[in-house]
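Undergrad: Model the following, please.
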Amino acid sequence: MTSVAIIYFSGYGHTRKQAEAVKRGVEGVPGVSAVMAEIDASGNLPEDVFASLAGVDAMIYGSPTYMGGPAWQFKKFADASSKPWFGGAWKNKIAGGFTNSATTNGDKFSTIQYFVTLAMQHGQIWAGTALMPANKKEHGPNDVN
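TA: You can find the predicted model right below:
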């Protein structure tokens with residue numbers, strides 16, 4: 001069975017709702033299981049959860065976008081990932097990410113770019129949404145991409 005870790009920080013609960021939706025989507029694929037790994041308010045994952053990430057096949061990163069980038073708690077997790085990076089523990093895993101902010105714009109792209117860079121540092125394979133962008137005014141802010 002393919003295993004996916006959804007690693008996220010949620011400041012006010014919005015990102016947790018997104019993570020739960022991602023989990024439902026992942027588990028809707030036959031032969032795939034997902035585990036939620038929530039970063040706490042101090043920017044930490046339990047040691048056993050952090051160690052278990054080396055054994056998953058894919059990692060999906062999530063954080064709210066605050067001031068044009070991921071929350072400091074997510075960045076603390078990312079900084080702590082230098083130990084698995086040094087040993088190549090997360091290399092060749094599929095990676096993806098999600099974010100949200102209080103506004104339609106809110107510089108969310110910068111947070112996604114941060115996740116891509118983190119994945120590249122670990123030698124991961126980034127997977128995007130494969131959704132066409134909303135490119136007409138009538139699409140409005142409710143379009144997914």
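Undergrad: need the contact list for the spatially closest residue to V32 that is not a sequence neighbour.
TA: The shortest distance from V32 to any non-neighbouring residue, by CB to CB, 6 or more residues apart in numbering, is to T2 (4.6 Å). From N, CA and C alone the C-beta is placed, and that goes for glycine too. Taking CB atoms under 8 Å, 6 or more residues apart in numbering as the criterion, T2 is in contact with 29, 31-33, 57-58.
Undergrad: mind checking pLDDT for N105?
TA: On pLDDT, N105 comes in at 71.
Undergrad: Am I right that it sits in a strand?
TA: No. Read with DSSP: H, G, I helix; E, B strand; the rest coil, N105 is coil and lies in no strand.
Undergrad: Show me where the protein has its strands.
TA: Assigned by DSSP state E, the strands in the chain fall at 2-9, 32-39, 58-66, 69-70, 94-100, 125-126.
Undergrad: Quick check: which helices or strands does the third one pack against?
TA: If I follow you right, that is strand 58-66. strand 2-9, helix 14-27, helix 72-80, strand 94-100, helix 108-121 (3 or more CB pairs under 8 Å, 6 or more residues apart in numbering; DSSP states H and E).
Undergrad: any chance of those in CSV, plus distance to G88 and mean pLDDT?
TA: Listed next are those as CSV, based on distance: least, CB to CB, whole Å; pLDDT from 0 to 100:
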stretch, distance to G88, mean pLDDT
strand 2-9, 17, 98
helix 14-27, 24, 96
helix 72-80, 16, 98
strand 94-100, 14, 96
helix 108-121, 11, 95
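Undergrad: Return the residues in contact with H122.
TA: Taking CB under 8 Å, 6+ apart, one finds 81, 84-85, 90-91, 93, 95 in contact with H122.
Undergrad: swap the cut-off to 10 Å and go again
TA: If you count contacts by CB atoms under 10 Å, 6 or more residues apart in numbering, H122 has them with 59, 78, 81-82, 84-85, 88-93, 95.
Undergrad: Including neighbour count and distance to S110, could those go into JSON lines?
TA: Converted to JSON lines, the contacts of H122 look like this (neighbours: other CB atoms under 10 Å; distance: CB to CB, whole Å):
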{"residue": "M59", "neighbour count": "24", "distance to S110": "20"}
{"residue": "A78", "neighbour count": "22", "distance to S110": "14"}
{"residue": "S81", "neighbour count": "19", "distance to S110": "19"}
{"residue": "S82", "neighbour count": "10", "distance to S110": "22"}
{"residue": "P84", "neighbour count": "16", "distance to S110": "24"}
{"residue": "W85", "neighbour count": "16", "distance to S110": "22"}
{"residue": "G88", "neighbour count": "11", "distance to S110": "27"}
{"residue": "A89", "neighbour count": "15", "distance to S110": "27"}
{"residue": "W90", "neighbour count": "21", "distance to S110": "22"}
{"residue": "K91", "neighbour count": "13", "distance to S110": "25"}
{"residue": "N92", "neighbour count": "10", "distance to S110": "26"}
{"residue": "K93", "neighbour count": "19", "distance to S110": "23"}
{"residue": "A95", "neighbour count": "20", "distance to S110": "17"}
